[in-house]
Structure formats: C-alpha cells, structure tokens
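>>> Below are the sequence and a predicted model; questions follow.
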Amino acid sequence: MNPEEFVTAYEAALGTQDWPHVAPLIHEDACVTFSSGSVHKGKSAIKTAYEGNFAAIKGEEYAMKDLHWLRKGPDTAVYLFNFRWSGWIDGNLASGGGRGTTVLIKNGDAWQLLAEHLGPSPSLE
C-alpha cells in the first residue's frame with residue numbers, strides 16, 4: 001500500500017461505519033481532532049469517538065476531495081483535503097464539511113494515520 005492507496009482505503013473503511021474496518025488504518029499513538037474541537041489521543045480513545053459517530057449518524061456518507069500532498073516520503077506522508085459528510089441524525093438529514101490535515105506513518109509494511117485535524121471551511125468574507 002502507498003499513501004494514495006491509504007486514502008482510498010481509509011475513505012472506504014469510514015464508509016462501512018464499522019470500527020474493525022477502520023482499526024488497522026489507525027496507529028496506536030494516533031491523535032484525532034474533530035471539527036467540533038474534541039481531541040482523541042490514542043487508538044482506544046479514537047475507537048470510542050468513531051463508534052460514537054457511527055452510532056449517531058446513520059447511513060453516513062463521507063468523502064475527501066481536493067487532496068494536496070505536502071510530503072510523500074519513504075516513512076511519512078502529509079496531506080491536506082476538503083471533506084463533506086451527510087447522514088441521518090435522530091431521523092433528520094444532516095450534513096457538514098470542512099478542511100483537514102492528515103499525517104501518515106509507515107508502520108512495518110502498512111501506512112497508518114498518526115494524526116488528523118479536522119476544522120471548518122474558511123469563511124468567504
């Protein structure tokens with residue numbers, strides 16, 4: 001797997017809304033910051049946060065686009081992206097999106113997410 005293949009696999013894994021599909025892509029020491037500002041340090045905390053999202057947002061569709069690679073090295077990669085999500089929360093259609101930054105690390109033969117920071121889209125003032 002290369003970094004580009006990681007992105008495809010990660011997006012597909014999130015689309016399953018099933019932690020066992022996502023887990024192999026997350027490093028044990030990872031840190032994820034949601035666009036709400038909540039910070040989740042370590043794979044166990046990330047599991048709890050992702051499973052909470054999976055339970056709260058039914059039928060979620062998540063997509064990353066406009067990827068910009070800042071670095072693709074032999075053991076680290078960093079990319080910026082825009083994201084959109086939609087799904088059902090308490091029976092109501094909901095959606096959102098923003099910008100993200102992800103740091104990947106090569107762990108053995110596998111690429112894994114080491115850090116991800118999601119934030120709002122910039123205002124167009």
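Yep, that arrived. Numbering: from 1, shown residues only.

>>> is it fair to say Ser121 lies in a helix?
No. Assessed with DSSP: H, G, I helix; E, B strand; the rest coil, Ser121 is coil; it does not lie in a helix.

>>> For it, which residues are in contact?
Applying CB atoms under 8 Å, 6 or more residues apart in numbering to Ser121 gives the contacts Asn82, Gly97, Gly98, Arg99. Just so you know, the C-beta spots here come from the backbone N, C-alpha and C atoms, and that holds for glycine as well.

>>> backbone phi and psi for the closest residue to Arg71 other than its chain neighbours, please?
Leaving aside its sequence neighbours, Arg71 sits nearest to Val78 (CB to CB, 6 or more residues apart in numbering; 4.7 Å). Val78 adopts backbone torsions of phi -140, psi 130, taken as degrees, to the nearest 10.

>>> What's the local residue count around Val78?
17 (other CB atoms under 10 Å).

>>> so it makes contact with Leu67?
No. Counting by CB atoms under 8 Å, Val78 does not reach Leu67; the two are 10.9 Å apart.

>>> from the contacts of Ser121, which is closest to Leu14?
Of all those, Leu14 sits closest to Gly97, with 13.9 Å by CB to CB.

>>> which residues does that closest one contact?
With CB under 8 Å, 6+ apart, Gly97 has these contacts: Asn82, Phe83, Arg84, Trp85, Ser121.
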